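K.L.:
Show me how the following folds:
(chains A and B)
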2 protein chains.
Amino acid sequence: MDKLKQRILNEGVAIGSDRINVDGFINHRIDTAFMDEIGQEFARRFEGVRVDKILTVEASGIGIAVAAARYFGFVPVVFAKKAKPNTMTGDVYQAPCMSFTKQTLNEITVAKKHISKGERILIIDDFLAHGEASKALCSIVEQAGAQVAGIGIVISKDFQGGKAALEEAGYRVETLASVKSMDNGRVTFCE
Amino acid sequence: MDKLKQRILNEGVAIGSDRINVDGFINHRIDTAFMDEIGQEFARRFEGVRVDKILTVEASGIGIAVAAARYFGFVPVVFAKKAKPNTMTGDVYQAPCMSFTKQTLNEITVAKKHISKGERILIIDDFLAHGEASKALCSIVEQAGAQVAGIGIVISKDFQGGKAALEEAGYRVETLASVKSMDNGRVTFCE
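P.N.:
Sure thing, here's the model as predicted:
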């Protein structure tokens, strides 16, 4: 998605050799018109794929998933919780999720009643790095006996290996911007 | 909003005497078509009010704010963070926010660059109880020299006093469903 790549180059801020701050339009301040275009682009990429539900993880994934859902026929969005809230009663699916940026290990949680056997689930997230969050979401989908219809990512840092690992595991991964390298803070995209 | 009240009665689950679990359509699984209607309803309530930006707090507020933004002319959404991420550089506004349900005190954080002096900011959130989150968001808006254009809440538990306190402080508060009491798990709405 050329417009996204351009905005990453113009507005993104490289932090060290592996992080990109896009908090001006994606994950702190949301450019909602642009987010709507991102949602449309995911629908275009997954055209013809049956999607019963979108699964993401709080917090930054939620706005993207809600924007995209409209273009998949207003399918429901489920967001995994990073901490199990005390209003969550009943059975849950959980999967461990290491955050390399935060150096923390979370157990992400989805109430069992919100994913059903046989459903085709599209996973959406803002970033893909080592693939930990996506792998955890795939695990939850599969624990429920549902199927991963695909994985849609706004920005993949391909050099961190998550995309390759997910594809190797057999998942279809669509990334709207794939970063090849971030040498000295200079972002280069894959072709 | 009658449809919302009906769904709370049909699908909401009262927990103890003061909590309502609406995770089936608002804050874990999101009914995105209904969320779109909620967004439209906020726009109807605040018709004629100048809104330059919507401010909410992660995580459950994000989907609501993004759905609403479309009906305010795709204004940007900013969501306050409950923990300051390590990709957040530069100056920030912070305000303390007590969660009575979780019994935790957070410092919610917004990067200074995302709220500008003179802006008219609409605050959106899923629940209003004691008003702690809304007060913290108002504080951040005012620290920035911006103005609170109004506060839009999906479900207010009026009996916990937050709505009255905010109105007393001079804010316009629009609640789509106002709960008067929750005696023995039976939800009664205000007229």
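
K.L.:
helix, strand or coil for the closest residue to residue A:67 other than its chain neighbours?
P.N.:
Nearest residue to residue A:67 in three dimensions, chain neighbours excluded: residue A:39, at 3.7 Å (C-beta to C-beta, 6 or more residues apart in numbering or on different chains). C-beta here means a position set from N, CA and C on the backbone, and glycine is covered the same way. Of the three states, residue A:39 takes helix according to DSSP: H, G, I helix; E, B strand; the rest coil.

K.L.:
next one: residue A:71
P.N.:
Per three-state DSSP, residue A:71 ends up helix.

K.L.:
wait, does the lowest-mean-pLDDT helix or strand in chain A contact chain B?
P.N.:
Ranked by mean pLDDT, DSSP states H and E, the weakest helix or strand in chain A is strand A:13-15, scoring a mean of 89. Yes - contact of strand A:13-15 with chain B (C-beta under 8 Å from any C-beta of the partner chain) involves A:13, A:15.

K.L.:
Quickly run through the sheet partners of that strand, with directions.
P.N.:
In the sheet, strand A:13-15 lines up against strand A:19-21 (antiparallel) (DSSP bridges).

K.L.:
who's in contact with the strand it pairs with?
P.N.:
A:8, A:12-15, A:101, A:155, A:157, A:179, A:182, A:187, B:87-89 (C-beta atoms under 8 Å, 6 or more residues apart in numbering or on different chains).

K.L.:
mind running it again at 6 Å?
P.N.:
Outside strand A:19-21, the residues that touch it by C-beta atoms under 6 Å, 6 or more residues apart in numbering or on different chains are A:12, A:13, A:14, A:15, B:87.

K.L.:
likewise stretch A:45-65?
P.N.:
The contact list for stretch A:45-65, computed with C-beta under 6 Å, 6+ apart, reads A:27, A:30, A:35, A:69, A:72, A:75-80, A:82, A:108, A:119-126, A:133, A:137, A:149-150, A:174, B:58-59, B:62-63, B:66.

K.L.:
Same question for stretch A:146-153.
P.N.:
A:42, A:46, A:49, A:51, A:115, A:119-125, A:128, A:134, A:138, A:141, A:171-175.

K.L.:
for stretch A:100-114, same thing?
P.N.:
A:57, A:78, A:80-82, A:84, A:91-98, A:130, A:136, A:140, B:29.

K.L.:
now do stretch A:70-88
P.N.:
Under the contact criterion C-beta under 6 Å, 6+ apart, stretch A:70-88 has outside partners A:39-40, A:43, A:51, A:53-58, A:62, A:65-66, A:69, A:106, A:108-110, A:114, B:15, B:19, B:21, B:29-30, B:32-33.

K.L.:
7 Å - rerun?
P.N.:
With contacts defined as C-beta atoms under 7 Å, 6 or more residues apart in numbering or on different chains, stretch A:70-88 is touched by A:39-40, A:43, A:51-58, A:61-62, A:65-66, A:69, A:92, A:106, A:108-111, A:114-115, A:137, A:140, B:15, B:19, B:21, B:23, B:28-33, B:59, B:63, B:101-102.

K.L.:
which of those are buried?
P.N.:
Buried members of those, counted by 16 or more other C-beta atoms under 10 Å in any protein chain shown: A:39, A:43, A:51-58, A:61-62, A:65-66, A:69, A:92, A:106, A:108-111, A:114-115, A:137, A:140, B:15, B:19, B:21, B:23, B:28-32, B:59, B:63.
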